[in-house]
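Fold the following.
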Amino acid sequence: MEMLRRLPLSMTTVFVSMVLGHIALVYVGIFYPERLEGMIEVAGSIKKVIVGTGLPSKYNVWVRLLLEEKSLLFMFFSILARIALTIFGAMLAVLWGWIRGPRH
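Numbers count the residues shown, from 1 in each chain. Coordinates of the predicted model:
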């Protein structure tokens, strides 16, 4: 039963982190285009490392097809957003516990 109560919160966190990841990506692209260009180049080199791992062709063809620089960048920004949401949520939990007082 506890899992069913936590599932909507978990899905909300994933959705919000995806939205915040998009917002962060657009923000960096608008205000720091040179930095975003560098990040795209790094993502391209990461893709080359992943593709060049010597996977069998039946797997490597899908990695080449599905893994793109923009998806790597989006994953990076989404992970950063998840970290930020976790820190923010922990701060709120501590504050909420401080306001409510100790449980008996």
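
Centre of the chain to the helix or strand where Ala93 lies, how far?
Here Ala93, judged by DSSP states H and E, is contained in helix 69-100. On the basis of CA atoms, centre = their mean, to the nearest Å, helix 69-100 sits 10 Å off its chain's mean C-alpha point.

Could you give the average pLDDT over that helix?
The pLDDT scores in helix 69-100 average 90.

Now do the buried residues in it.
Residues Glu69, Leu72, Leu73, Phe74, Phe76, Phe77, Ser78, Ala81, Arg82, Leu85 are the ones in helix 69-100 that count as buried (16 or more other CB atoms under 10 Å). In short, each C-beta sits where N, CA and C put it, glycine included.

counting contacts, what elements does that helix pack onto?
Helix 69-100 is packed against helix 2-31, helix 33-51, with contacts defined by 3 or more CB pairs under 8 Å, 6 or more residues apart in numbering; DSSP states H and E.

could you dump the ones you listed to TSV with distance to Arg64?
Below are the helices and strands packed on helix 69-100 laid out as TSV (distance: least, CB to CB, whole Å):
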stretch	distance to Arg64
helix 2-31	23
helix 33-51	6
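
Can you tell me which of the ones you listed is nearest to Ile99?
Among those, helix 2-31 comes nearest to Ile99, with 19.6 Å by CB to CB.

could you say what helices and strands that closest one packs with?
For helix 2-31, the contact count by 3+ CB pairs under 8 Å, 6+ apart identifies helix 33-51, helix 69-100 as packing neighbours.

and those as JSON lines, adding distance to Lys58?
Below are the helices and strands packed on helix 2-31 laid out as JSON lines (distance: least, CB to CB, whole Å):
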{"stretch": "helix 33-51", "distance to Lys58": "14"}
{"stretch": "helix 69-100", "distance to Lys58": "21"}
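
Out of these, which is closest to Ser10?
Nearest to Ser10, of the helices and strands packed on helix 2-31 and by CB to CB, is helix 69-100 at 11.2 Å.

report the angle between the axes of the closest one and helix 33-51?
Between the axes of helix 69-100 and helix 33-51, defined by axes from the mean of the first three to the mean of the last three CA atoms, to 10 degrees, the angle is 110 degrees.
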